[in-house]
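Asker: This is a predicted model, with the sequence first.
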Amino acid sequence: MLTVTSPNTVDWENMPLDEMAYGNAIDCDLTKRCGDLMVDELDYLGCLDLYENCLSLILPIMAEVENKGLLVDTDELNDIGSLLETEIERIENKMFTILPKGSFEKGEVNFASPKQLGEVMFSSKGLKMTPRMWSEKTGEPSTSEAHIKDLSKDLRRDKKANESRIEFLDCLLEYRKRVKQFKTYVNGIKSALEYNGDGRVYSQYNFATVVTGRLSCSAPQVKKRVEGKRGKVNKIFKKGVSFHTLPRPDEEGKDRVNIRDMFIADNGYTFLAADYSAAELRVLAHVSQEPNLIQAFKSGEDLHKYTASLVYGKTIDKITKKERQIAKSVSFLIVYGGGPEKLADQVGISIEEAKDVFFKFFKAYPGIKFWMEATAASIREKKYSESIFGRRRHLPNVDSPNNKLKHQAIRQGINFIIQSSASDIMLHGILSLYARSRKIGLEILATVHDSIEAQISHEKISEAAEIMRSSLSDTSIFKKLYDIDFAVPMAVDVEIGSSFGDVKEAHFDEKGNLTNAQELSEYVQTKANSRSY
DNA sequence: GCTGACGGCGCC
DNA sequence: AAAGGGCGCCGTCAGC
């Protein structure tokens, strides 16, 4: 609320209603007055259409999503919880046996403290490794994953002499991952369930957080004064988790822990997820108007294979997994502003090879290079960049005397256009879907940047799948609303299953009909029948 | 006991 | 020459 200067010290839950009503009234008044001014400003800047066609409409829809929340499978939660507990204990014990005898005993050192862990890894008392990356802010030796992997890779050159070090580093990464899963999700969801009391968890979708216009997602919290304690608010209760950071299992199926399995559709409902395939690269095709990239998307071929075939001068059927992976990486690095060094690091090739890949990529898609250069020039001149829907990001750092900041601003500006445009396409997709969802009873449960999660009663999965696919992929609305001829189709994949973590691809025929409905629905029903709800 | 900065890492 | 965009959340630690 606008009128609250220190929200963390206010006890909302115990506030008298009239006091809260008064505060809210002031907020409404101020918001309205600010709103009128801002509408004029939006009009002046050329993005009032976006606000009226999309942003103003989507707010109440997301409020509905927030209030609906998601059902948690508590059996799954408990299973994952005890699995993680024993796993964490096992790894921790193992780590202490690896350390030199008499150096660090269990209970004496906390691996979660980068400072203490640094002692273990780098001091003469510990594993005596030589650091080569340091924190930018504090100058302390880094214990980051990148550093650990780098050290580990080097140690493996003399495997015999470094056996225990390598093992420790492997354990450390595993330990961190499991601890994070346990602390953030098992603990987090358990305490949320305890507070909510309805078996559900909730997320909050924030509209004015992300510079590009993406929604951010966070766990709503209640600040509360606990009985028996004096003074102001002294406890924070979380009502859920951020849905945007839920981990995926390392290897689908192989990892026994899949945090996403804990989130399920309501009893009698099937879980559906629709996501745009390569949304940002499609936007890149549109803004750059690169003919080969446009053709790649129009062809309906696998994009990364298509790109690889241009880069390596081979037919698509000759493209190896590795070549496809390289083509995929280089595409995303372009969107983020990454260079050959990152590519080499990511896919395990030499920097020379990586430079060659970049060269050939730009040769295959010359319009991308041209667009990036033209865009950079425009950003330097105007000090801002602008998305296809008229959103702007101001980038004063293009004039910074600091080279790093200067180049960073250019990358941010280029990425802004792509990320922001993709984000608004998705918001329009939500609107289209919502408009068609009511009559079949489809309910949106969550959104994650380029995907929408929803539920539908079992018997209507075919209709629901088709509605999700067709609403999200409809680009004709951009012509209608903004006179934009979108250059490529927005392809959408739909998945259907028994939980957020357990979905299988839906297949459609040319007419858009779901062809594997029978198989999917049997699978989902079987799963649902085994649940206690 | 609280706050904010920081390291670290999850996702798109 | 070097260059990864955008977030949220956890624990630790220093400072008040």
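Answerer: Now that the structure is in, tell me what you want to look at.
Asker: Could you report the separation of the residue of the stretch 1-150 of chain A found nearest DNA strand C from A:Ser135?
Answerer: The nearest approach of the stretch 1-150 of chain A to DNA strand C comes at A:Ser113, 3.3 Å away (CB to the nearest atom of the strand). Yep, even glycine has a C-beta here, placed from its N, CA and C like the rest. Remark: distance between A:Ser113 and A:Ser135 (CB to CB, to the nearest Å) = 14 Å.
Asker: returning to what we had before: tell me, how many neighbours does the residue of the stretch 1-150 of chain A closest to DNA strand C end up with?
Answerer: If you count neighbours by other CB atoms under 10 Å, A:Ser113 ends up with 12.
Asker: contacting residues for the residue positioned nearest the centre of chain A?
Answerer: Central residue of chain A (CA atoms, centre = their mean): A:His244, 4.8 Å from the mean position. For A:His244, the contacting residues are A:Ser216, A:Cys217, A:Val448, A:His449, by CB atoms under 8 Å, 6 or more residues apart in numbering.
Asker: how much space is there between it and DNA strand B?
Answerer: According to CB to the nearest atom of the strand, to the nearest Å, A:His244 and DNA strand B sit 5 Å apart.
Asker: what does A:Arg469 give?
Answerer: Applying CB to the nearest atom of the strand to A:Arg469 and DNA strand B gives a distance of 17 Å.
Asker: do the same with A:Arg391
Answerer: From A:Arg391 to DNA strand B the distance is 17 Å (CB to the nearest atom of the strand).
Asker: For that residue, grab phi and psi.
Answerer: Dihedral pair for A:Arg391: phi -70, psi 150, per degrees, to the nearest 10.
Asker: what do you get for A:Glu140?
Answerer: According to degrees, to the nearest 10, A:Glu140 has phi -80, psi 150.
Asker: Helix, strand or coil: sort out A:Gln412 for me.
Answerer: With DSSP: H, G, I helix; E, B strand; the rest coil as the basis, A:Gln412 sits in helix.
Asker: which bits of the stretch 201-350 of chain A sit near DNA strand C?
Answerer: Counting by CB under 7 Å from any atom of the strand, the stretch 201-350 of chain A comes close to DNA strand C at A:206, A:209-212, A:214, A:216-219, A:238, A:241-242, A:244-245, A:332-333, A:336-339, A:341-342, A:345-346.
Asker: which of these count as buried?
Answerer: Listed as buried from these are A:212, A:214, A:217-219, A:238, A:241, A:244, A:332-333, A:337-338, A:342, A:345-346; burial here means 16 or more other CB atoms under 10 Å.
Asker: A:Leu99: how many residues sit nearby?
Answerer: Counted with other CB under 10 Å, residues neighbouring A:Leu99 total 18.
Asker: What lies in contact with stretch A:522-533?
Answerer: A:73, A:75, A:264, A:267-268, A:270-271, A:458, A:461, A:496-499, A:502, A:504.
Asker: residues contacting the nearest residue to A:Gly367 once chain neighbours are set aside?
Answerer: Residue nearest to A:Gly367 in three dimensions, not counting chain neighbours: A:Glu290, with 3.1 Å by CB to CB, 6 or more residues apart in numbering. The contact partners of A:Glu290, taken as CB under 8 Å, 6+ apart, are A:Leu284, A:Tyr365, A:Pro366, A:Gly367, A:Ile368, A:Trp371.
Asker: Chain neighbours aside, what residue packs nearest to the first one?
Answerer: Spatial nearest neighbour of A:Leu284, chain neighbours left out: A:Ile418 (5.7 Å); criterion: CB to CB, 6+ apart.
Asker: my guess is the one you found contacts A:Ala285, does it?
Answerer: No: taking CB atoms under 8 Å as the definition, A:Ile418 is not a contact partner of A:Ala285, at 10.3 Å.
Asker: For the residue nearest to A:Gly367, give its distance to A:Arg380.
Answerer: If you measure A:Glu290 against A:Arg380 using CB to CB, the figure is 22 Å.
Asker: where does the residue nearest to A:Lys125 when sequence neighbours are not counted land in three-state SS?
Answerer: Nearest non-adjacent residue to A:Lys125, counting by CB to CB, 6+ apart: A:Ser103, 5.3 Å away. Of the three states, A:Ser103 takes coil under three-state DSSP.
Asker: for A:Ser103, phi and psi?
Answerer: phi -90, psi -70.
Asker: That'll do, ta.
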